[in-house]
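Student: Provided below are the primary sequence and the corresponding predicted coordinates.
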Amino acid sequence: MTGSPNDARTGTGNAAVAQRLDSDPAEADAVPRPPAADDRTGSADDRTGTGGEGIGAGGSAPVGPARRNWAGNVRYAARRYHRPATVDELRRLVAGAERVRAVGTGHSFNRLGDTTGDLVSLAGLPATFQLDRDRCTVTVPAATRYGDLAARLHAQGYALANLASLPHISVAGAVATGTHGSGETIGSLASAVAGLELVTADGDLLTVDRASDGDPFAGMVVSLGALGVVTRVTLDVVPAFDIRQHVRLDLSRADLDAAFASAYSVSVFTDWRAPRLREVWVKQRAEAAPLPADWLGTTAADAPRHPVLGMPPQNCTPQLGVPGPWHERLPHFRLGFTPSSGEELQSEYHVPRAVAAEALAALDAVADLIAPVLKVCELRAVAADRLWLSPHYDRDSLAIHFTWVADAAAVLPVVAAVEERLAPFAPRPHWSKVFGLAPSAVAASHPRYADFLGLLRRLDSAGKFRTDLLDRYFPR
Ligand SMILES: Cc1cc2nc3c(=O)[nH]c(=O)nc-3n(C[C@H](O)[C@H](O)[C@H](O)COP(=O)(O)OP(=O)(O)OC[C@H]3O[C@@H](n4cnc5c(N)ncnc54)[C@H](O)[C@@H]3O)c2cc1C
């Protein structure tokens, strides 16, 4: 480790009061139409995807009302927006700031990434790409979008083991929140992190890596953006591979485990209107034996699908079993297209795989509440990791994801009902989505909560990277 987070472990300090973590319903109701589709592909120069000030690298500007997250439900409360052109500029900015947060591509659904001080995008830092063939790693700037990294890696004969459903998100933003794809033998995107470089609260540059820094390193990867501004990320790479993607229809819930076990990456979609599961997106390694025609009693879709009924399938990666490169099959959505209309909210909970059937059965009791405000529910398998705040820490997980309609007033009571039903299964929330679990429950479901709190208090003793949301869940 260069720099010094040492190994501080302090007490827990659970918050006594349960409060909601999601965006303010009143504000969400007042949200105007989302920004233009082009901005929301994430391809705009302004990688917050929110449009607005349009400053270039090395610039700063007041934050106007246009600066929102991708879904448009969070209006950033920051006073100023910065886009430094160099790491030294960033270090000066952080050192001099009272409150500061980094923003990636703004695809989160809650106020985790907001601040009342300075919001900083790293998209103006120099683009670099360091492939280390001996160590099987690649080191990239924090703001790199997975889709851009993947294309470049593939051209060199390499791949990442997994990707999220959309390739538009930044590496640092995804890693900071424990973002994942699916695959029962594959960890989250954060689990591929081998090293980090970050600017800490006093403006120092700290480098940490998995090989040298061991357990404390595992505390710094899923950081919630609370330990510093990450400038570079080193990721494990594997040899490039091809995938065939098939969509199968009408899976029995009793066959969910068998479905997850049958391919490299499997996503299951349901609408909570019927006992059976509507669609299974099976992403097989190209060399694997094709699925039998009667695979698990399902039928094959005869045309491409979008996970949300009625949305255009051309926004999605190729299906129908056509083999293609890993980065054009593992995400559900294509880089050059907007994944969906953006008029949505998302929530996600992770429970141990071992209790998946019981957890889903518990939700049956609130299916009639879920269905009317649901666009789609996705079930995924994620392998356990050792990252302290990861939703998958030390347990193979079932990820239960909800894409809700963009109506916070209607959705929030249903989110509360879902959380109540899942409570016996120690659900861990997706840090970047809408949730309202009690702070005490969040602390209890993360075995390394106290260790992370200690790291947080020591690395940011003045609370420079703190937000209201962090204060609620990680009291000072
Ligand atoms: C359509 C859609 C599909 C999605 N699909 C998936 C999915 O398949 N799987 C999944 O797990 N999630 C999914 N998500 C959620 C998404 O992966 C997370 O919200 C992720 O954090 C987004 O990355 P971002 O770059 O937009 O981060 P932001 O939303 O910009 O930031 C997220 C957090 O990271 C912090 N951060 C960003 N950059 C830095 C930095 N350089 N240093 C320190 N902290 C930083 C921010 O402060 C903030 O707290 C999806 C979201 C959308 C909108």
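Tutor: Everything's here; your move. Numbering: from 1, shown residues only.
Student: List the buried residues for stretch 68-82?
Tutor: Judged by neighbour count (16 or more other CB atoms under 10 Å), stretch 68-82 contains these buried residues: 68-76, 78, 80-82. C-beta coordinates here come from the backbone N, C-alpha and C atoms, glycine included.
Student: Ignore what I typed, I meant stretch 90-106.
Tutor: Here stretch 90-106 shows 90-91, 93-94, 97, 99-106 as buried, counting by 16+ other CB under 10 Å.
Student: Tell me which of these fall in strands.
Tutor: With strands taken from DSSP state E, the overlap with the buried residues of stretch 90-106 comprises Val100, Arg101, Ala102, Val103.
Student: and those near the ligand, which?
Tutor: Counting by CB under 6 Å from any ligand atom, Arg101, Ala102, Val103 from these sit close to the ligand.
Student: and of those residues, the nearest to the ligand?
Tutor: Proximity of these to the ligand (CB to the nearest ligand atom) peaks at Ala102, which lies at 3.4 Å.
Student: wait, isn't the closest one in contact with Ala172?
Tutor: Yes - applying CB atoms under 8 Å, one finds Ala102 in contact with Ala172, separated by 6.9 Å.
Student: got any residues that touch both of the two?
Tutor: Common neighbours of Ala102 and Ala172, counting by CB atoms under 8 Å, 6 or more residues apart in numbering, are Leu122, Ala142, Val230.
Student: what is the last one paired to in the beta sheet?
Tutor: Spelled out, it's Val230. Leu198 (DSSP bridges).
Student: who touches it in this structure?
Tutor: Ala102, Ala142, Ala172, Val175, Ala176, Leu196, Glu197, Leu198, Ser223.
Student: One more pass at 7 Å, please.
Tutor: Taking CB atoms under 7 Å, 6 or more residues apart in numbering, we find Val230 in contact with Ala102, Ala142, Ala172, Leu196, Leu198.
Student: JSON lines please, covering those residues and showing pLDDT and distance to Ile186.
Tutor: Shown next, in JSON lines, are those (pLDDT from 0 to 100; distance: CB to CB, whole Å):
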{"residue": "Ala102", "pLDDT": "97", "distance to Ile186": "26"}
{"residue": "Ala142", "pLDDT": "98", "distance to Ile186": "23"}
{"residue": "Ala172", "pLDDT": "98", "distance to Ile186": "20"}
{"residue": "Leu196", "pLDDT": "98", "distance to Ile186": "21"}
{"residue": "Leu198", "pLDDT": "98", "distance to Ile186": "26"}
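Student: Between all of the residues you listed, which two are separated the most?
Tutor: The largest separation in these, counting by CB to CB, is between Ala102 and Leu196 at 12.6 Å.
Student: that older thread, nearest to Phe269, of the shared contacts of Ala102 and Ala172?
Tutor: For these, the nearest to Phe269 is Ala142 (31.5 Å; CB to CB).
Student: Helix or strand for the residue lying closest to the closest one once chain neighbours are set aside, just tell me which one.
Tutor: With CB to CB, 6 or more residues apart in numbering as the criterion, Ala142 has its nearest non-adjacent residue at 3.5 Å, and that residue is Ala172. For Ala172, the element it lies in under DSSP states H and E is helix 171-176.
Student: Can you name the residue of the stretch 151-300 of the chain nearest the ligand?
Tutor: Counting by CB to the nearest ligand atom, the stretch 151-300 of the chain gets nearest the ligand through Gly173, at 2.3 Å.
Student: ok, how many other residues are close to the residue nearest to Ala142?
Tutor: Residues near Ala172, counting by other CB atoms under 10 Å, number 28.
Student: quick one, what contacts it?
Tutor: Taking CB under 7 Å, 6+ apart as the test, what Ala172 contacts is Ala102, Gly104, Ala142, Ala143, Val230, Val233.
Student: Burial check on the closest residue to Ala462 other than its chain neighbours, number of neighbours?
Tutor: Using CB to CB, 6+ apart and skipping the chain neighbours, the partner closest in space to Ala462 is Ala201 (6.3 Å). Look at Ala201: counted by other CB under 10 Å, it has 19 neighbours.
Student: do you know how far Ser121 is from Ala142?
Tutor: 10 Å (CB to CB, to the nearest Å).
Student: Same question for Arg472.
Tutor: As defined by CB to CB, Arg472 lies at a distance of 26 Å from Ala142.
Student: before we move on, what about Gly59?
Tutor: From Gly59 to Ala142 the distance is 18 Å (CB to CB).
Student: Looking at the two now, which is surrounded by more residues?
Tutor: Ala142 (24 against 15).
Student: Now stretch 369-387: buried residues?
Tutor: Buried-residue list, stretch 369-387, by 16+ other CB under 10 Å: 369-370, 373-387.
Student: and the helix holding Ala172, how far from the chain's centre?
Tutor: 7 Å (CA atoms, centre = their mean, to the nearest Å).
Student: Equivalent analysis for stretch 356-363, please.
Tutor: 23 Å.
Student: got the contact list for that stretch?
Tutor: Arg253, Leu256, Val351, Leu398, Val418, Arg421, Leu422, Phe425.
Student: Which single one of those is nearest to the ligand?
Tutor: Leu398 (13.3 Å).
Student: Mind checking what secondary structure the closest one has?
Tutor: strand (DSSP: H, G, I helix; E, B strand; the rest coil).
Student: Same check on the one 4 residues further on?
Tutor: In terms of secondary structure, Phe402 is strand; the call rests on three-state DSSP.
Student: what's the spacing between it and the ligand?
Tutor: Remark: distance between Phe402 and the ligand (CB to the nearest ligand atom, to the nearest Å) = 12 Å.
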